[in-house]
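1. Any chance you can model this:
(one chain, ligands or ions: 2)
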Amino acid sequence: MKLAVLSRAPQSYSTQRLRAAALQRGHRVKVLNTLRFAIDLTADEPDLHYRGRQLSDYDAILPRIGSSITYFGTAVVRQFEQMDVYTPNTANGISSARDKLRANQILSRHNIAMPPTAFVRNRADVRPAIERVGGAPVVIKLLEGTQGIGVILAPQVKVAEAIIETLHSTNQNVLIQKFIAESRGRDIRALVVGDRVVAAMRRVAAGDEFRSNVHRGGTVEPVELDPVYEQTAVRSAQIMGLRVAGVDMLEGEDGPLVMEVNSSPGLQGIETATKLDAAGAIIDYIANQVGFPEIDVRQRLTVSTGYGVAELLVHSDADLVGKTLGESGLWERDITVLTLHRGVQVIPNPRKNVVLEAEDRLLCFGKLEEMRSMIPERRRRRARVRRLPKQPLAE
Ligand SMILES: Nc1ncnc2c1ncn2[C@@H]1O[C@H](COP(=O)(O)OP(=O)(O)O)[C@@H](O)[C@H]1O
Ligand SMILES: [Mg+2]
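-> Ligands and ions are numbered 1, 2, ... in the order given. So this is what the prediction gives:
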């Protein structure tokens, strides 16, 4: 294949290793500076220029987009997607993962455990938010920090409030997060490629530091991952739309707590710690996927008017429970079931003989009008147990 590594750091360990691994396997590979692309929307077909000249044909790209150029970098990746060039990480995936809040919001929808987190802006909401995540000591995070910069541990509520207020006054958005003390300055980094973890390490913070980032002096050691950690890492990467990702997890009392999913994971620490050929695994995966580019399903499926994608919930009191998909009548109503979600289990392309259970969620493609009548009324949020019974719900 002919591969382009999009990177602004051709000399960095990761880029060098990826380049070498590709060459070693007989691929053609170029490292292209992300910022030297020009997106061309004048022609009939989507096109790209590089250093002022039309770009030649590539089979695949591997984006390594730094946080300082997210907007331009993801625009370039999106342009490659429009040109049907394979990328393991989509522009959407990269931008969702980059923003810690956005990543949290997406993952929380899919039963991925994360440290309790709050996001507020008004001064009056800061203290209740700190209390809700468990009080001091509390972790404060800038939305787009990396390498541990912008992650602060505030020992007392008063200090936390002062820090948050200061950051807000300079127009910075911050997350308020429970400090997971039992993790004791250690965390797990799992490198996910495709649907498996190809390497994993534990990072241990230096001295009394609580951040285990290598850039903050943390040390690394190989680790044999518990299957729960492995599944959590793979699912998190998949949910974010990333086929190459570094998933950071704290070791909580009840198992893994996902902190973030990195779309351009560094390779130096993990290859050094594990002695594994992570770069080679990434290249092999890409070579396997070339010619089978991922498409934006929503974008493609909603172009035919009147048709679209929707999720239908099987109510416990509905007459669908106990019926097979074949008997459900969905097909007759011009509705195709793409996947069936049952708890954490996913059944792709479910067959006619699958028996529906209460609480099954069906991802369907079909006539919007038909599906609209089947979408359940918005479920009312149950008041939390912790909430005082007399306290009215906010508007
Ligand atoms: N809620 C938390 N509880 C305990 N330690 C944390 C928490 N959040 C972050 N850390 C520590 O700080 C490090 C950096 O946090 P992270 O959210 O990954 O930011 P960055 O993007 O800067 O790496 C983590 O690797 C972990 O060691
Ligand atoms: Mg991190």
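2. Kindly report the residues of the stretch 201-350 of the chain close to ligand 1.
-> Contacts of the stretch 201-350 of the chain with ligand 1, taken as Cβ under 6 Å from any ligand atom, map to 205, 210, 211, 212, 213, 248, 250, 259, 260. The way it works is simple: take the backbone N, C-alpha and C, and place the C-beta from them, glycine included.
3. Show the buried residues in the residues you listed.
-> Taking 16 or more other Cβ atoms under 10 Å as the criterion, what is buried in these is 205, 210, 211, 212, 213, 248, 250, 259, 260.
4. Now do the same contact list for the fifth one.
-> So that's residue 213. Residues near residue 213 by Cβ atoms under 8 Å, 6 or more residues apart in numbering: 147, 148, 203.
5. Turn those into a markdown table, including neighbour count.
-> Shown next, in a markdown table, are the contacts of residue 213 (neighbours: other Cβ atoms under 10 Å):
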| residue | neighbour count |
| --- | --- |
| 147 | 13 |
| 148 | 17 |
| 203 | 23 |
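6. List just the nearest of those to ligand 1.
-> Of all the contacts of residue 213, ligand 1 sits closest to residue 148, with 4.5 Å by Cβ to the nearest ligand atom.
7. Against residue 182, how distant is the closest one?
-> Per Cβ to Cβ, to the nearest Å, residue 148 is found 19 Å from residue 182.
8. Just the pLDDT at residue 44, thanks.
-> Per-residue confidence for residue 44 comes out at a pLDDT of 85.
9. would it count as being in a strand?
-> No - the assignment for residue 44 is coil, going by DSSP: H, G, I helix; E, B strand; the rest coil, so no strand is present there.
10. With adjacent residues omitted, what lies nearest to residue 323?
-> Once flanking residues are discounted, residue 323 sits nearest to residue 356: 5.7 Å by Cβ to Cβ, 6 or more residues apart in numbering.
11. ok, the residue nearest to the spatial centre of the chain - contacts?
-> Residue closest to the average C-alpha location in the chain (Cα atoms, centre = their mean): residue 240, at 2.7 Å. Residue 240 is in contact with 93, 96, 97, 103, 106, 107, 261, 263, counting by Cβ under 8 Å, 6+ apart.
12. hang on, the earlier thing: tell me which of the residues of the stretch 201-350 of the chain next to ligand 1 fall in strands.
-> Among these, the members falling in strands (DSSP state E) are 248, 250, 259, 260.
13. what's the farthest-apart pair in these?
-> Among these, the pair separated by the greatest distance (Cβ to Cβ) is 250 and 260, at 10.5 Å.
14. and the residue nearest to residue 281 when sequence neighbours are not counted, what helix or strand is that in?
-> Leaving aside its chain neighbours, residue 281 sits nearest to residue 198 (4.2 Å; criterion: Cβ to Cβ, 6+ apart). Per DSSP states H and E, residue 198 falls inside strand 196-204.
15. just checking, next helix/strand downstream of that strand?
-> Going down the chain from strand 196-204, the next helix or strand is strand 219-222, by DSSP H and E.
16. Next, the buried residues of whichever helix or strand comes after that following strand.
-> Next helix or strand after strand 219-222 toward the C-terminus (DSSP H and E): helix 227-240. Of the residues in helix 227-240, 229, 230, 232, 233, 234, 235, 236, 237, 238, 239, 240 count as buried by neighbour count, 16+ other Cβ under 10 Å.
17. Now do the contacts for the third one.
-> With Cβ under 8 Å, 6+ apart as the criterion, the residues that contact residue 232 are 112, 113, 247, 249, 255, 256, 258.
18. now do the second one
-> Applying Cβ under 8 Å, 6+ apart, we find residue 230 in contact with 190, 196, 197, 200.
19. mind checking how far the closest residue to residue 93 other than its chain neighbours is from residue 99?
-> Closest residue in space to residue 93, ignoring its immediate chain neighbours: residue 241 at 3.3 Å, by Cβ to Cβ, 6+ apart. Distance of residue 241 to residue 99, given as Cβ to Cβ: 14 Å.
20. got it, and residue 371?
-> Distance from residue 371 to residue 99, by Cβ to Cβ: 31 Å.
21. Those two - which one has more neighbours?
-> Per other Cβ atoms under 10 Å, whichever of residue 371 and residue 99 has more neighbours is residue 371, with 22 against 17.
22. Just to be sure, that one is in a helix?
-> Yes - applying three-state DSSP, one finds residue 371 inside a helix.
23. surely it meets residue 364?
-> Yes - the pair residue 371 and residue 364 qualifies as a contact (Cβ atoms under 8 Å) at a distance of 6.2 Å.
24. about what we covered before: farthest-separated two in the contacts of residue 240?
-> 107 and 263 (14.0 Å).
25. Tell me which of these two has more neighbours.
-> Taking other Cβ under 10 Å, residue 107 and residue 263 do not tie; residue 263 has more neighbours (31 against 22).
26. I figured that one hits residue 89, correct?
-> Yes - contact between residue 263 and residue 89 holds when scored by Cβ under 8 Å: they sit 5.2 Å apart.
27. Mind checking what secondary structure residue 340 has?
-> Looking at residue 340 with three-state DSSP, the answer is strand.
28. all numbers from here: first residue = 760
-> From this message on, residue numbering opens at 760, which makes the last subject residue 1099.
29. re the thing from before, including pLDDT and distance to residue 1108, could the buried residues of helix 986-999 go into CSV?
-> Below are these laid out as CSV (pLDDT from 0 to 100; distance: Cβ to Cβ, whole Å):
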residue, pLDDT, distance to residue 1108
988, 97, 29
989, 97, 25
991, 96, 25
992, 97, 25
993, 96, 20
994, 94, 19
995, 96, 23
996, 97, 22
997, 94, 17
998, 93, 19
999, 95, 23
